[in-house]
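# starting from these lines, generate the structure:
(chains A and B)
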2 protein chains.
Amino acid sequence: MSHYDDLMAFERQTQALEQIAGRLGWDQETVMPRGAAPQRAEEAEALSHVLHARHTDPRVGEWLQSIDAASLDPVGQANLRHIRRRFDRQTRVPVALAGELARVTAESQGLWAEARAADDFAGFAPTLARIVALKRDEAQALAAGGDPYDALLDDYEPGASAAELEAMFAALRPRLVALRDRVLGAEHQPEPLTGKFNEKAQMKLTRDLARAFGYDMAHGRVDKAVHPFSSGSGLDVRITTRTSPTDPFGAVYSTIHETGHACYEQNIDRAHLLTPLGQGVSMGVHESQSRIYENQLGRSQAFTGWLFERFRVAFGEMNVADAESFWRAANRLHPGYIRTESDEVQYNLHVLLRFDLERDMIAGKLAVADLEEAWNARFEADFGVAVDKASHGCLQDVHWSVGLFGYFPTYSLGNVYAGCLYKTMSAEMPDLDEHLARGDAGRVTAWLGERVQRHGGLYEPKELITRACGKAPDEAPLLDYLEEKFAALYRL
Amino acid sequence: MSHYDDLMAFERQTQALEQIAGRLGWDQETVMPRGAAPQRAEEAEALSHVLHARHTDPRVGEWLQSIDAASLDPVGQANLRHIRRRFDRQTRVPVALAGELARVTAESQGLWAEARAADDFAGFAPTLARIVALKRDEAQALAAGGDPYDALLDDYEPGASAAELEAMFAALRPRLVALRDRVLGAEHQPEPLTGKFNEKAQMKLTRDLARAFGYDMAHGRVDKAVHPFSSGSGLDVRITTRTSPTDPFGAVYSTIHETGHACYEQNIDRAHLLTPLGQGVSMGVHESQSRIYENQLGRSQAFTGWLFERFRVAFGEMNVADAESFWRAANRLHPGYIRTESDEVQYNLHVLLRFDLERDMIAGKLAVADLEEAWNARFEADFGVAVDKASHGCLQDVHWSVGLFGYFPTYSLGNVYAGCLYKTMSAEMPDLDEHLARGDAGRVTAWLGERVQRHGGLYEPKELITRACGKAPDEAPLLDYLEEKFAALYRL
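Numbering: from 1, shown residues only, chains lettered A, B, ... in the order given. Coordinates of the predicted model:
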């Protein structure tokens, strides 16, 4: 066996153990008995110790040193790139710091949930301040002289930089704000969908939708969870959804969104199973898949036409009487505090606010004690509404409380990538809407499978999108799509 | 920190990882997508490598050498005893042999299932022969000069020996055979329960039964599985059950059986959580809990009286018209090939057959090629019926195909222990039947919790039963109970 083979054999077991960690997370959010939580915390911690020891195993360092990358094929080189990146990152962070971060963030999620329930930012601020301090130390260690925020970002979006993202948001912001203002001031406002919607019928519908978008039930399953997610790679990729008796769109679009994530994981070339290439390459690319399924496809006029008929069968008569009103209801802009409930137009403005604030915290320009005030001022400036309570403001997202700094901007990057992919896909598939109007997303998902999903971690994110679209990604396709769609929707 | 503290900190993580392995097994049998099997096999193998490495970690050997057991309290000594036993056993088996056994038995379960479905013993014999050869090597390595079969037995029932078990079966056999013959020849044969029984109502009933026997749903859950089992320890102990439209007793008694196993695990003193004492001490003691719940309590006239009324509510009118006929139906003896479907009287005769044959295989006195013939001859001699096909004979149980030799006799040991516990419990609780007649098993399970379950692995199996009953275990209580019960049932 060559050193490369040794490394890959070791890595394969590591990947298998990481899949187990994902499965434990799924179990915890879906089927775990509620009294099991303290024991589960110890189980998860034990497994994470095992994984950390494997990620930083000195043998991995020796193998990496002794392997001549130039002698490998592109797959081997990509594997090596992923393993080296992880090894370098994890060995750069002092063990004591990594342990302290793990301990603090394991506890802080519960504290955040309590603080959010009590709308008490001041009570949570000392915990968050501790997390920010530790993340700054971690960023310093990881950056090795480079930009600390970029070093954090690299965990979620390899190769991205704050400077690039700043340019992206600078391109997005003015046109999104202008569009939002035109839409909210438009004369023809859509009527929201109201009524009571049977939750069993919603669950049945979510499974049909997942299948319609190409989700493979032989390698997955759909369950309920408080916060929907997708988990696992390869042959076992599970999604969760939620239902609400008054808001069936929540079930529909969180299902389609998670189906996008899950199809990406399910459709990776099986040759990459349990290797570093056997999972989505970055958070941005992952989000491009979930968002294109959810928005460009799932909220299209063609697809909502089909969905309207399905709704009538599942729920009977509704206040929304025709397919066009239904399409408008599914795409309705509304002022609101909450990012995850936002519409396509305003979503990226919510993200931008977080991007700016978290960069300031990591740079030491914004003290955590001042975060709530800064958030509220910025929110009112950007959205024209005063934040009424912390759970509608800076306590709404779990991310910072578990140390996820540098994660938020990947959501917008995913939207930009989705815009590029949709433009290319539409151009190459003139009959796309005819398929969607029959509730048939098979060809669409096959296109994404071929261009994006099957490659897994083979190409770096930007290279992957460039190959898929024939040109480097930029913001224009997303903005053009939104302006055109909402002009039609709101009869601007 | 002392060496003992170091050892226990290491062990705690090991125990947590073992709980994860149990959870993966549960997942596989209940919720796993069917296409995930190949990936899951790799996941389970990776985790089992991690566990083996921890079990045989040289540091454990050093800690064990440097700790003065006499300086520890009884809990510490018991922990040390368990860890030392496992370390000695796992380090005695050569790594290559352990690996080969893991590989062969991982594959053989599938081969066995295929052979059983095809009633093809000859096709499976070479695989089984390989397993027996490997188990003989393993037994030799473990025995270190002692008896090889005893060395295998020790994995499931520490401290037990084939000689003792032989004496146990010698005491059981004549009285069981005599009782069986009288019962099957009796004039008043009970009518079996027949009809169609709603499976949803069965599932609801199983959850009520589990609760009635003290199962804590905040630390567990009930799901369906092809072969019911209980899994997990401490704060997360899950059971599974099965339903059949024609046989509701299957759902009822497999649920109560698994509830017995699960209550044992749930009721262990929380101070032992994630330590070697935090799980049932042996297979025999485990089976004593499942069997006393299932048989002495669950099939008692008092409890079936209550159950009869529950059946009427759940399923409507039945062919069995009164509580006494219902009790007789639930305890009916019937000739049959299958151990797991056997009644209380014949069950231990099924086990004895396996005990004798497996000892001969491990001793090299019975070649696997001759197993089917030996089984069929013995079965006809013991049960008076010719075996018609291998799935009714030596292919019916999974145990040998996955290398479980020395496991079967613990079933009978469990029955004997259950007999002893029931005798003591009845003597100390004169109103036991009044409680059971109200469907209230709370006091019974509290008694078992106090006498047996809370101790976990603190005492060796026989010592535990001796403490619980005030005298050493023997076969007479089980036999007396069976003779008295079946004399009444069959009006002998």
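# name the residues of chain A found near chain B, please.
Selection of chain A residues close to chain B by Cβ under 8 Å from any Cβ of the partner chain yields A:12-14, A:16-17, A:19-20, A:23-24, A:27, A:31-40, A:42-43, A:45-47, A:49-50, A:216-221, A:234-236, A:238, A:273-274. Heads up, the C-betas are built off the backbone N, CA and C, glycines and all.
# which of the residues you listed fall in helices?
Among these, the members found in helices (DSSP state H) are A:12-14, A:16-17, A:19-20, A:23-24, A:27, A:37-40, A:42-43, A:45-47, A:49-50.
# which of these are buried? Put it as a PyMOL command.
Restricted to buried positions by 16 or more other Cβ atoms under 10 Å in any protein chain shown, the PyMOL selection for these reads:
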select buried, chain A and resi 12+13+14+16+17+19+20+23+24+27+39+40+42+43+46+47+50
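# hey, where'd the helices end up in the stretch 251-400 of chain A?
Taking DSSP state H, counting those that start in this stretch, the helices of the stretch 251-400 of chain A run over residues A:283-291, A:301-315, A:323-330, A:347-363, A:371-383.
# run a quick neighbour tally on the closest residue to residue A:361 other than its chain neighbours.
The shortest distance from residue A:361 to any non-neighbouring residue, by Cβ to Cβ, 6 or more residues apart in numbering or on different chains, is to residue A:132 (5.2 Å). Using other Cβ atoms under 10 Å in any protein chain shown, the number of residues around residue A:132 comes to 21.
# okay, now the unreliable bits of the stretch 301-450 of chain A?
Scanning the stretch 301-450 of chain A for pLDDT under 70 picks out nothing.
# quick one: distance of stretch A:478-492 to the chain centre.
24 Å (Cα atoms, centre = their mean, to the nearest Å).
# flag every buried residue along that stretch.
Those would be A:478, A:479, A:481, A:482, A:483, A:485, A:486, A:489, A:490, for stretch A:478-492 by 16+ other Cβ under 10 Å.
# contact partners for the residue in the stretch 351-492 of chain A that chain B sits nearest to?
For the stretch 351-492 of chain A and chain B, the shortest gap (Cβ to the nearest Cβ) falls at residue A:456, measuring 14.6 Å. Shown in contact with residue A:456 (Cβ atoms under 8 Å, 6 or more residues apart in numbering or on different chains): A:268, A:269, A:272, A:277, A:278, A:279, A:280, A:281.
# can you rerun that using 10 Å?
A:75, A:78, A:82, A:233-234, A:264-265, A:267-269, A:271-273, A:275-281, A:464 (Cβ atoms under 10 Å, 6 or more residues apart in numbering or on different chains).
# do you know how far the residue nearest to residue A:368 when sequence neighbours are not counted is from residue A:367?
Once flanking residues are discounted, residue A:368 sits nearest to residue A:129: 4.0 Å by Cβ to Cβ, 6+ apart. Residue A:129 sits 8 Å away from residue A:367, going by Cβ to Cβ, to the nearest Å.
# now do the SS call for residue A:141.
Look at residue A:141: counting by DSSP: H, G, I helix; E, B strand; the rest coil, its state is helix.
# hmm, residue A:88 and it touching each other?
No. Under the criterion of Cβ atoms under 10 Å, residue A:141 is not in contact with residue A:88, lying 11.1 Å apart.
# so between those two, which is more surrounded?
Higher neighbour count among residue A:141 and residue A:88: residue A:141, with 17 against 13, using other Cβ under 10 Å.
# per-residue pLDDT, that one?
pLDDT for residue A:141: 96.
# quick one: contacts for it?
A:89, A:91, A:92, A:93, A:94, A:97, A:98, A:148, A:151.
# OK, contacts around the second one?
So the one you mean is residue A:91. So residue A:91 contacts A:55, A:56, A:57, A:58, A:60, A:61, A:141 (Cβ under 10 Å, 6+ apart).
# name the element it belongs to?
helix A:74-92 (DSSP states H and E).
# any idea which helix or strand comes after that helix?
Per DSSP H and E, the first helix or strand lying C-terminal to helix A:74-92 is helix A:95-118.
# kindly export that following helix (C-alpha atoms) in CSV.
Output in CSV follows, covering the C-alpha atoms of helix A:95-118 (Å, rounded to 0.1, in the frame of the first residue of the first chain):
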residue,chain,number,x,y,z
VAL,A,95,-5.8,22.0,22.1
ALA,A,96,-6.8,24.0,25.2
LEU,A,97,-8.5,26.6,23.1
ALA,A,98,-10.4,24.0,21.0
GLY,A,99,-11.5,22.3,24.2
GLU,A,100,-12.7,25.5,25.8
LEU,A,101,-14.6,26.5,22.6
ALA,A,102,-16.3,23.1,22.6
ARG,A,103,-17.3,23.3,26.2
VAL,A,104,-18.5,26.9,26.0
THR,A,105,-20.6,26.4,22.9
ALA,A,106,-22.0,23.1,24.1
GLU,A,107,-23.5,25.0,27.0
SER,A,108,-24.3,28.2,25.3
GLN,A,109,-27.0,26.9,22.9
GLY,A,110,-29.2,26.1,25.9
LEU,A,111,-28.5,29.5,27.5
TRP,A,112,-29.3,31.2,24.2
ALA,A,113,-32.6,29.4,23.9
GLU,A,114,-33.5,30.5,27.4
ALA,A,115,-32.4,34.1,26.8
ARG,A,116,-34.4,34.2,23.5
ALA,A,117,-37.5,32.9,25.3
ALA,A,118,-37.1,35.6,27.9
